[in-house]
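Chemist: Quick one, fold the following:
(one chain, ligands or ions: 1)
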Amino acid sequence: MPQRPLATALAGRLRRRLLEWYARHGRSLPWRATRDPYAIWISEVMLQQTRVETARERWPRFLTRFPDLRALADATEQAVLKEWEGLGYYARARNLRRAARALVAAGRERLPQTAADLARLPGFGAYTAAAVASIAFGERVPALDGNLVRVLARLLGERGDPRRAAVRARLSAAAGQLLSTRRPGDSNQALMDLGATLCLPRRPRCEPCPLRAACRARALGLAARLPRRPARRHLAHHHVAAGLVWRGGRLLIARRPGDALLGGLWEFPGGKRRVGETLAQACRREVREETGLDVTVRAPFLRLAHAYSHFRITLHLFHCEAGPGRPRPLGCEAPRFVALDELGRYPFPRANQKALEALRRSGVWRPPVRAGGRRA
Ligand code: SF4
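Modeler: Numbers count the residues shown, from 1 in each chain. Okay, the predicted model is just below:
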């Protein structure tokens, strides 16, 4: 495995060109105006799986709510999840809080300064640790995200699969060669920006690229075909039935178990339809299995499609009337009937938020009226 995939003199030239390009064309992003390692950490975590434009809006809001490590450590998980609502990949929010709590419990008010120490904290993968260490503390360590992998694979003309360790090591070594000694964080951010604005996945814009003279993929006419993309996975699809279970003007909600997908978030009880079931039957069975309540399914309310990273669902929501008894935490946590104007206090995953929005828009922001004029 080559220790230096780029010739030393060439690497030096590219390093300088990259920083010159970054000074002129780097993106103006609010988290680049701070030196606060905590704020930089929050931005790096938020930017994983979240669009830059969304992060622009949500990053300052998060910092207003949780301005430092201690504030984050002192917050309840529910408060952090509520603030993260709509950003998806909620393990990120839970891990932010867990890392803050671990540091505060160890008597620290600040983040550790090296990638190696950061990587010991919950939620710090290799990328996050390197990004924070280089940007906030000036450690010379490459932060290999998807953008960097693409740029470097093209620069080296790398035809191997970037998921393979040997390929990854070559890319990482090249990224290390492109890091400035004094401003490694800027070098990493320059490569990120290059990948986000010029070295685009399908249509790289090579003409204005500061690396073009050395780019092997460009010379070989392979720029748009590298790096090798894994074959598209077929995403499994499930029909999910869930109940808007009404009782006395209140709606039944339940918290997802902490170790489950979307753990700690609240939802309308429901689950996957089984083979041979109608959706209404699935709704009735799921509510009973999760909460012990028998319900009468009154009417379909909404059908919506939603995609997660590994599967897609069609969510079918039904207005239901609760039978007698108290809901119990059988396949969920803390089930409860909640007044409509209190629902906003609870963090819901995106699909349930869409359902709530539809409920508000529909004018059924109150229990549906049953025949005879009584509310269900
Ligand atoms: S020359 Fe083109 S393919 Fe090569 S790094 Fe620049 S934008 Fe990417």
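
Chemist: Am I right that A196 is in contact with N147?
Modeler: Yes - counting by CB atoms under 8 Å, A196 does reach N147; the two are 5.7 Å apart. Glycine gets a C-beta too; all of them are placed from N, C-alpha and C.

Chemist: So for these two, which residue has more residues nearby?
Modeler: Using other CB atoms under 10 Å as the criterion, A196 and N147 rank with N147 on top: 20 against 16.

Chemist: Do a quick rundown of the helices in this structure.
Modeler: In the chain, the helices defined using DSSP state H lie at 8-25, 37-47, 52-65, 69-74, 77-84, 91-105, 115-118, 126-137, 146-156, 165-177, 184-197, 216-220, 279-291, 350-362.

Chemist: What parts of the stretch 201-350 of the chain come near the ligand?
Modeler: Counting by CB under 6 Å from any ligand atom, the stretch 201-350 of the chain comes close to the ligand at 204, 206, 209, 211-212, 215, 217-218, 223.

Chemist: who wins for neighbours among the residues you listed?
Modeler: Within these, most neighbours by other CB under 10 Å means A217, with 24 neighbours.

Chemist: Surely that one is in contact with L155?
Modeler: Yes - using CB under 8 Å, A217 is in contact with L155, at 7.2 Å.

Chemist: And for the residue nearest to A175 when sequence neighbours are not counted, the neighbour number?
Modeler: Excluding the flanking residues, the one nearest A175 by CB to CB, 6 or more residues apart in numbering is P142, at 3.4 Å. P142 is flanked by 26 other residues according to other CB under 10 Å.

Chemist: I figured P142 hits R168, correct?
Modeler: No - counting by CB under 8 Å, P142 does not reach R168; the two are 10.9 Å apart.

Chemist: Please enumerate the strands of the stretch 251-376 of the chain.
Modeler: 266-267, 270-272, 295-307, 311-322, 333-339 (DSSP state E, counting those that start in this stretch).

Chemist: What strands flank the second one, and is each parallel or antiparallel?
Modeler: Translated: strand 270-272. Note on strand 270-272: by DSSP bridges, its sheet partners are strand 236-247 (antiparallel).

Chemist: and what of the last one?
Modeler: Strand 333-339 sits in its sheet next to strand 250-255 (antiparallel), going by DSSP bridges.

Chemist: buried residues in the partner strand?
Modeler: Neighbour-count burial for strand 250-255 flags 250-255 (criterion: 16 or more other CB atoms under 10 Å).

Chemist: Just the C-alphas of it, formatted as CSV.
Modeler: Once non-C-alpha atoms are left out, strand 250-255 reads as follows in CSV (Å, rounded to 0.1, in the frame of the first residue of the first chain):
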residue,chain,number,x,y,z
ARG,A,250,-57.8,13.0,23.5
LEU,A,251,-55.5,11.0,21.3
LEU,A,252,-53.5,7.9,22.3
ILE,A,253,-49.8,8.2,21.8
ALA,A,254,-46.9,5.9,22.9
ARG,A,255,-43.2,6.1,23.1
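
Chemist: Tell me what angle it forms with helix 350-362.
Modeler: 170 degrees (axes from the mean of the first three to the mean of the last three CA atoms, to 10 degrees).

Chemist: Tell me the spacing between the residue nearest to A175 and R120.
Modeler: Plainly put, P142 is 19 Å away from R120 if you go by CB to CB, to the nearest Å.

Chemist: How about L156?
Modeler: Relative to R120, L156 is positioned 31 Å away (CB to CB).

Chemist: higher neighbour count, those two?
Modeler: L156 (23 against 11).

Chemist: Might you report the residue contacts of that one?
Modeler: Counting by CB atoms under 8 Å, 6 or more residues apart in numbering, L156 makes contact with 5-6, 170-171, 174, 216.

Chemist: Can you list the low-confidence ranges for the stretch 251-376 of the chain?
Modeler: 364-376 (pLDDT under 70).
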